[in-house]
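Asker: Just need the structure, nothing else, for what follows:
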Amino acid sequence: MAEIALSAHAALSEACAPSAAHLATTAQLAEIRHIVHTDLVPLVGTIDADGTYPEAVLRALGGAGAYSAHVGGAAGTMPDLWTAIEAMSIAGEHCLSTAFCMWCQDALGWYIHASDNEELKADLGQRVARGEALGGTALSNPMKAFYGIERMRLKGRRVDGGYEVKGLLPWVSNLGPDHYFGAIFEVENGAGGHVMAVLDCSAPGMKITQNDNFVALDGTRTFAVQVRDVFVPDKMLLADPLDAYLQRIRAGFILLQAGMAFGLIRGCVKLMQQVKGSLGHVNQYLEKQPEDFEVLLAQLETVVEELCRTPFSKDPAYFRKVVEARLAAGEASVEAAHYAMLHQGARGYVAQGAAQRRLREAYFVAIVTPATKQLRKMLAEIES
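Answerer: Residues are numbered from 1 along each chain as shown. Just a heads-up that it's a prediction; the model follows:
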């Protein structure tokens, strides 16, 4: 029966011409690939060694549509998260710093377009989708707080026309003086509850400072953010109250991170294949081969692509699959980078070696929120 179904599907595929939407997406991804190869690849070493922020590349990718697929679409249709993941993976194949900044940008756009704030969607949302306005997400702290790992770091109180917010966030990425980020704060003065809004880095009372150097991804403009009685107007609110909206955005937030993992795994497979001719006679004794990771990657992509079809599902079983897929993607990233290093040997261990860079980057996929340990905690709580 399976063979009959596959044959029928193949016949149908041959009979049908590609849709206009499919052709547009293919052209879009081709342009993104061109920008990555011509503008990003020459910068990868500098981004890693010097912490250079690839701002021009990020804006060019926005112009090519890298941040718009998952926030557009006709009324009543599901957003196209899968194309956003594919675009991110094209950059991630070469540079995880850039792919992570793309995820930050995608997350900000996701927050805005999942909200009921039509004014924000029409203005800032469109500029974010085009890469004209850049920014990120400060949901690491609240995501941990909601699972009892940290305390909420931002507090807000209601004032005329909006909220006044204060607090300190240790790490927020893809920032700059003219950037924006999505954040959640706890309401004070006995009101209780939480509110989510977009904060403007140029607002009075906002201060961003670099407080650490990382072993990788220093080119992501990851800053400590001091929020000193910053006025957040109602027009910048995403959700007040938060609960139903948080349920709406959480699957997309997590699924989009797959773009980082898939690109990195693909890059690691290429590093393994790169040395087949010279080291294949001995690398054949390693437990995992590039073909193993090609199969694993294809399996993960199939699962995630299917999950991307229904990002607003309220089914607990669906969200469990999202968490499981994200956990598998993070673990596969570390394993692929580990074997890329083993296959490359000494040539991957030198200071300029790509394999050691990919290994450092891979651990980021495993520790960025939600990290491997938090994902396992989430699954344990779903079980119970």
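Asker: Please enumerate the helices of the stretch 101-250 of the chain.
Answerer: Along the stretch 101-250 of the chain, counting by DSSP state H, counting those that start in this stretch, helices occupy 118-120, 126-129, 140-146, 243-255.
Asker: deepest of these, which one?
Answerer: Neighbour counts (mean count of other C-beta atoms under 10 Å) averaged over each of the helices of the stretch 101-250 of the chain peak at helix 126-129, with a mean of 22. For every residue, glycine as well, the C-beta is placed using N, CA and C.
Asker: Need the residues that contact that one.
Answerer: With C-beta atoms under 8 Å, 6 or more residues apart in numbering as the test, helix 126-129 has contacts from 62, 67-68, 71-72, 105, 108-109, 112-113, 133-135, 180.
Asker: Could you do stretch 188-196 as well?
Answerer: Stretch 188-196 has contacts (C-beta under 8 Å, 6+ apart) with 111, 142, 152, 155-158, 163, 182-187, 237-242, 245-246.
Asker: buried residues in it?
Answerer: 194-196 (16 or more other C-beta atoms under 10 Å).
Asker: Which single one of the residues you listed is nearest to residue 261?
Answerer: When these are ranked by distance to residue 261 (C-beta to C-beta), residue 196 comes first, at 25.8 Å.
Asker: follow-up on the earlier one: closest one to residue 31 among the helices of the stretch 101-250 of the chain?
Answerer: helix 126-129 (15.5 Å).
Asker: What separation do you get for the residue sitting nearest the centre point of the chain and residue 132?
Answerer: Centrality entry for the chain: nearest residue to the mean C-alpha point is residue 103, 3.0 Å, by C-alpha atoms, centre = their mean. Distance, residue 103 to residue 132, by C-beta to C-beta, to the nearest Å: 18 Å.
Asker: Residue 304: what's it in contact with?
Answerer: Residue 304 is in contact with 82, 85, 255, 258, 262, 325, 329, counting by C-beta under 8 Å, 6+ apart.
Asker: ok, and for the host helix or strand of it, which residues are buried?
Answerer: Element membership for residue 304, per DSSP states H and E: helix 290-307. Buried residues in helix 290-307, counting neighbours by 16+ other C-beta under 10 Å, are found at 290, 292-293, 296-297, 300-301, 303-304, 307.
Asker: just those residues now: which is nearest residue 26?
Answerer: residue 301 (16.6 Å).
Asker: How about that closest one: what's its closest non-neighbour residue?
Answerer: Of all residues not flanking residue 301 in the chain, residue 262 sits nearest, at 6.3 Å (C-beta to C-beta, 6 or more residues apart in numbering).
Asker: so the one you found sits in a helix?
Answerer: Yes: checked against DSSP: H, G, I helix; E, B strand; the rest coil, residue 262 lies within a helix.
Asker: For burial, what's the neighbour tally of it?
Answerer: For residue 262, the neighbour count with other C-beta atoms under 10 Å is 25.
Asker: now the one 3 residues further on
Answerer: When counting by other C-beta under 10 Å, one arrives at 30 neighbours for residue 265.
Asker: got a list of what it touches?
Answerer: Contacts of residue 265 (C-beta under 8 Å, 6+ apart): 293, 296-297, 300, 332-333, 336.
Asker: One more: residue 275?
Answerer: Per C-beta under 8 Å, 6+ apart, neighbours of residue 275: 283, 343-345, 347.
Asker: Buried residues, the following helix or strand past the helix holding residue 304. List them.
Answerer: Following helix 290-307 in sequence order, the next helix or strand is helix 316-344 (DSSP H and E). Buried residues in helix 316-344, counted by 16+ other C-beta under 10 Å: 319, 321-341, 343-344.
Asker: ditto for stretch 209-229
Answerer: 216-223, 225, 227.
Asker: Now, the residues you listed that are in strands?
Answerer: Applying DSSP state E to those, the entries found in strands are 223, 225, 227.
Asker: Pick out whichever of those residues sits closest to residue 169.
Answerer: Residue 169 has its nearest neighbour among those in residue 225, at 4.4 Å by C-beta to C-beta.
Asker: Including distance to residue 315 and pLDDT, could the contacts of helix 126-129 go into CSV?
Answerer: Formatted as CSV, the contacts of helix 126-129 follow (distance: C-beta to C-beta, whole Å; pLDDT from 0 to 100):
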residue, distance to residue 315, pLDDT
62, 33, 97
67, 28, 97
68, 28, 95
71, 23, 93
72, 25, 74
105, 28, 98
108, 26, 98
109, 25, 98
112, 25, 97
113, 22, 95
133, 34, 98
134, 34, 98
135, 31, 98
180, 32, 98
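Asker: now, which of those residues lie within strands?
Answerer: Per DSSP E, the contacts of helix 126-129 map to strands at 135, 180.
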